[in-house]
Structure formats: C-alpha cells, structure tokens
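Q: what's the 3D shape of this:
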Amino acid sequence: MDANVLLTGATGYIGGRLLRQFEEGGRAVRCLVRQPARLGATKTTTEVVQGDCLDESSLDRGLAGVHCAFYLVHSMAGGADFADVDRRAAGNFGRAAARAGVRRIIYLGGLTDETGPTSVHLKSRAETGEVLRASGVPVIEFRASIVIGAGSLSFEMIQALVERLPMMVCPRWVATLTQPIAIDDVLAYLDAALQCPEKISGVFEIGGPEVVSYGDMMKEYARLRGLNRVLLPVPVLTPHLSGLWLTLVTPAQARVGRSLVEGLRNATVVRSSTAREIFSIEPMPLHTAFSKAIDDGETARRKMDTRTVVVDVPPAKAFAPVRRIGGVAGWYFGNVLWTARGWLDTWLGGVGMGRGRRDADACDVGDTIDGWTVEAYESDHRLRLSADLKLPGRGRLEFEVTPLADGTRSMIRQTATFDPRGLLGRAYWYAILPIHGLMFRGMLKEIARRAADADSPSSVGVFAYRSVVPGRAAEVFRWHERPEALLDLIPSRRWVRIEKRAGGLRDGGRVTFSFGVGPFRMRWEARHYGYLGGSQFCDEQIRGPFQVWRHTHRVEPIGDEQSLYEDRIEYAVPGGPLAQRLAQPVLQRLLARAFARRHDVVRTAMLDGGRTSRE
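A: Numbering: from 1, shown residues only. As a prediction, this is how the structure comes out:
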C-alpha cells in the first residue's frame, strides 16, 4: 500500500499515539525514524524508512511521493543547545520537503505569550515553525499549551508532584494561567489537518474549554485521586530554582521538565478562535481529560505481584478451585489473617470479608465474593476480582489458567496488582509486601494442590441415591420447601437438633444442626445455593466434620403422576487421600441407610397427600 503521508516523531509521545490512531483507522502512513528498531511492531499499512533530520541527504527517500508530512520532533532532551539543534533539523526537513514536492507540513508547537519575555523552549518551538514556513511549503502549525494524557511530560510532572508531596511549597508560577488540552483532542486536530483544503495554512492556537492555573490542575488531580493536598505559595521561588527542586521530586523527567518550568512565567492561553471555527472540534472538559489520563496511566503506576504454577490437570480442573474461592470455601491459605483483615475493614467503615458469595460453585461479573467484586470472568480461563476493602489505592487479584502441551497440563497465573494513591498508598504496598508474599504464595500452592487432588479418584467421594416417588415434581419440591420438612427428614430428634435456620432453601439460606447428647454436641453449619424452583436446591457445609460436603437435591418428572427423586453428595474427610480411602466404605453404607429412610419418608408423605407419619 503506497503511503503519501509521512510521520516524523513516531517514537515520541504525540507521534506514537498518532501512528496508533492511523493504524487503527487503516490509514497508510510512512514513518521516518533514526532507529527503526525503536518503533517496534507495526501494521502492514505502515512503512518504516530510516532517516535523520540532522542529515538532510537521508530525508529524500522518506519524503519521495509524500503529499503531507507531520513534523513532530524536538531536541529538548538533547542538552542546553537544543534550540540550535531544532533550528538546524527544521531547516533540513523544510528544504528536503520542498525538493520532494510536499504540499503541506503539519507541525505541533507551543502556545506563547508575546506580551512578555518567553523561555528558550517556547522561543525554539515558535522558531521551528518559522523555519519550516521559510522553506516555501505551506505549513499548518498548531500551538498547544499543556497536553493532558497518560505519558505526557506535563501530566506526569503534575502526577509526580501531587502523588508524592502531601504539602507543596509553590512558587509564583503555580498561579500562572494556562489552557490545557486533552491528548485525544490534539490528535483530532492533527488528523483533521489532513482533510483541509490546500489553501488553508497558518498558525492555529488550540486548547481545552477552561483557562486554569497550574495550582488548579494540581487540585483537580488530587480531587480525582481522593488525595488531600496543601499548596503553600512562596513568592521567592524562581522558575530556575523550581527546576532544580523538580530534579529531586521527579528525576526521570528533570532535564526536560526544567526547560518547561522555566517557560511558566507567562500565561499560555488561546487568544484566537480560528482553530475552533475551521476544524469544528469540541475539546473535552478538564475533569474528563484528567479522568481519562488517570485511568490510562494506571499500568505505569501500579505495583504487581505475579506467580505461576504448573499442574498436571486440564484447564477445567485447574480452574475449579479458582472459581470456588471465597465464601464457604475460604481463601485456601491464611484464613485467620483474611478474617482479621475483614474485621479491620469493618472497623474502618468498609464492607469487611463477610458478604460470602451468591453461589459456591459458580460466579459471574458483578458478583460479590467476600470483600471483592468479580470484575472479569471467563469460564475455565480467567477470574479477576476488584477489592472493595478500605485501601489507599485500587487493588485487584486475577487468576488465569492456560492449557499446556496437548491440554492435559495447565499453567495457573496469579497476579495481585495495586494502584497506590499518594505516599500512603506506596507505604502500604511496601509495608505489607512480606505478608502478601506469604499469603499469595500459600494461596497459589493450595489452589494447585486442590486442582491436583480433584483429579484423583480417591480425593472426593461421590454418593448418589435415587428412587421413584408418587406425586408430581412440583408437589414433591413444595413439600421440601415447608418449614417442617427439615424436621421430618432428620434421622432422630433425640440425637439431632436444629439450632438455627434462616432463608429457607433459596440461595444464601443457612441452617445449623448439633449432634450428640447433652453438652457433648458437634455443630454442623450449612448454606444453601444452586436453587432452581421446582427442580433443585443444594447445600454446602460451612463448618462441620467433613473437609468437603456438597449435597444436591433434584426432582424430575416421570410422566404426570411420578417423580425421580435424587440425592447426590460429594464428600471428603480430613486427613487426605489415605483417610478418604479408609473412611469411604463405611460412609457409603451409612449414607445408603440414612437416605433410604429419607426417601421412605418422602414416599409415604406423597402417598398420604403431602403429610408425614409424624403429623
């Protein structure tokens, strides 16, 4: 695909995002870069040509056949003589563009205040535009002030200052007025310039809808991040000293940042409405631009703990303990610490860890699981939880299961991420890092163990008892929903007592039994789930003698007057596979005897019109 659009600066912030926008829209574009390897992977619509604006002869190949060229390069990070370097690069590019017959150059510069002294940086940006115009090629020059977007230098300086400093000593320039613009709006203007009639050229000032001070932007960022920040104005701190101070706070951006800060003596606001009239672009409000930049920049801010384990089971079995996490199953490791964290959260006014889960065996997006909410769910592949607990930031816990080899093995990846808010958030992450390491390592190990044990025939026993009972399925099911049905079905009221119950058979209903004589009694607490009116209800042990106990009750119609009545139980005893193998024959006989009696009770009740022998 032949490209008649040339893009320079594709490895930079603005150019890189413009290239991505072109590729997503299917536009053919040629990129001129000094080091093609830095550009990374590109789509088939993108052609990459090597060239350097400081070497005029290297530009001819890139400009050949080009109608429109984007000039988005600068040398601020190159040293103190960046203005001379920029002047030379623009002259080379302009002359080469004229030789190639380029019809238009689109350039992004900076807003200036011509009523007062201008910084070296802003003078250089304006001079670059003049040098390009001197080539004779028509130029559309956009001039913008602060660009708000994740990754932009101006936004990252504001972010670093507000995140790291609870109290800021602010020089006079914090009150300087500016007119920030969202990165999406800058890209919209650049793209719109391609569609303009060839007669349109000149300088166009662009900005967002609000004129604010730098202090206002810091306060807006703090508000959106939920941070309390104090700004103390100090009139004697000059821009030069501010630049040196910036080196201590944001060393990664210090070299370029100092040049920007020294340009903050004067207001940089839009004084001409020509851009809005010609390009018909409605810029987004400041709070929207900041919100989007904050969300888009989460990846760069967040802290991460990721671990993997390989298990010799297929993905469905590897994912089973993941989808059942929380609620009655617990968090597999350190449940005492999870409980303590829930108590602390409740004391702080949070939701705690006691909300349980809708279904012990399944979940969906939006479900709550104790102190978390399901944010993403793909069956047998991915579960991502978002923390609802009181935290100085945003926490997530994600599990991904990937098949290996022929699908008989799986890799489980567990990733905990945290987007800290301010210094407290960072202090929190590093303070609990050792505890997180212990908890998450133990959790993943236990998930792997449960996945492997579930694949062993001896790990979980299965018992099923079926019989045909008289009566329609709906009648049999209604009989079980009576409050008295539980009393009718327990084996002996002398040995078994119902201590507490609430919620009936529907999801979330609970019942507590006690077994024994006098003061020597064992408690068994169960929770209902999997309710399907007229056909099924399930219960699962929360506390009791078994390691696993899941009981499914089903009723299916057989013709018009009979029903298939089924009880299915999955169980495991404490002590591991050996204890399970030893206990299984005894348990199977006891369960067969107990459920034969239960089915007799139901059969008799149905024959007697829904009454029981005890009534």
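Q: What helix or strand is residue 283 located in?
A: If you go by DSSP states H and E, residue 283 is not part of any helix or strand.
Q: Need the pLDDT of the nearest residue to residue 72 once chain neighbours are set aside.
A: Sequence neighbours aside, residue 9 is the residue nearest to residue 72 in space, at 3.3 Å (criterion: C-beta to C-beta, 6 or more residues apart in numbering). Glycine gets a C-beta too; all of them are placed from N, C-alpha and C. For residue 9, the model assigns a pLDDT of 90.
Q: and if you look at the one 4 residues further on?
A: With respect to pLDDT, residue 13 has a value of 90.
Q: Residue 462 too?
A: pLDDT, read off for residue 462, is 87.
Q: do you know how far it is from residue 555?
A: Distance, residue 462 to residue 555, using C-beta to C-beta, to the nearest Å: 19 Å.
Q: neighbour count winner among the two?
A: More crowded of residue 462 and residue 555, by other C-beta atoms under 10 Å: residue 555, with 25 against 12.
Q: close enough to count as contact, the more buried one and residue 565?
A: Yes. Between residue 555 and residue 565 there is a contact under C-beta atoms under 8 Å: 5.8 Å.
Q: Find residues that contact each of those two.
A: residue 476 (C-beta atoms under 8 Å, 6 or more residues apart in numbering).
Q: Show me where the stretch 251-400 of the chain has its strands.
A: In the stretch 251-400 of the chain, the strands defined using DSSP state E, counting those that start in this stretch lie at 303-311, 368-369, 372-378, 382-387, 393-404.
Q: of these, which approaches residue 505 most closely?
A: For the strands of the stretch 251-400 of the chain, proximity to residue 505 was assessed by C-beta to C-beta; strand 368-369 is nearest, at 21.2 Å.
Q: any idea of the mean pLDDT for that closest one?
A: 93.
Q: can you check stretch 273-292 too?
A: 91.
Q: List of residues touching that stretch?
A: Here stretch 273-292 makes contact (C-beta under 8 Å, 6+ apart) with 142, 148-150, 180-185, 188-189, 192-193, 196, 200, 202, 204-210, 212, 217, 220-221, 224.
Q: Phi first, then psi, for the residue nearest to residue 72.
A: phi 70, psi 20 (degrees, to the nearest 10).
Q: how close does it get to residue 541?
A: Using C-beta to C-beta, residue 9 is found at 64 Å from residue 541.
Q: Quick check on those two: which one has the bigger neighbour count.
A: More crowded of residue 9 and residue 541, by other C-beta under 10 Å: residue 9, with 21 against 18.
Q: which ones are touching that one?
A: Residue 9 neighbours (C-beta under 8 Å, 6+ apart): 15, 70-74.
Q: Could you do residue 435 as well?
A: Applying C-beta under 8 Å, 6+ apart, we find residue 435 in contact with residue 337.
Q: where's it, which helix or strand?
A: Judged by DSSP H and E, residue 435 forms part of helix 433-454.
Q: can you pull the buried residues of that helix?
A: 439-440, 443-444, 446-448, 450-454 (16 or more other C-beta atoms under 10 Å).
Q: before we move on, what about stretch 461-478?
A: In stretch 461-478, counting by 16+ other C-beta under 10 Å, buried: 461, 463, 465, 467, 469, 471-473, 475-478.
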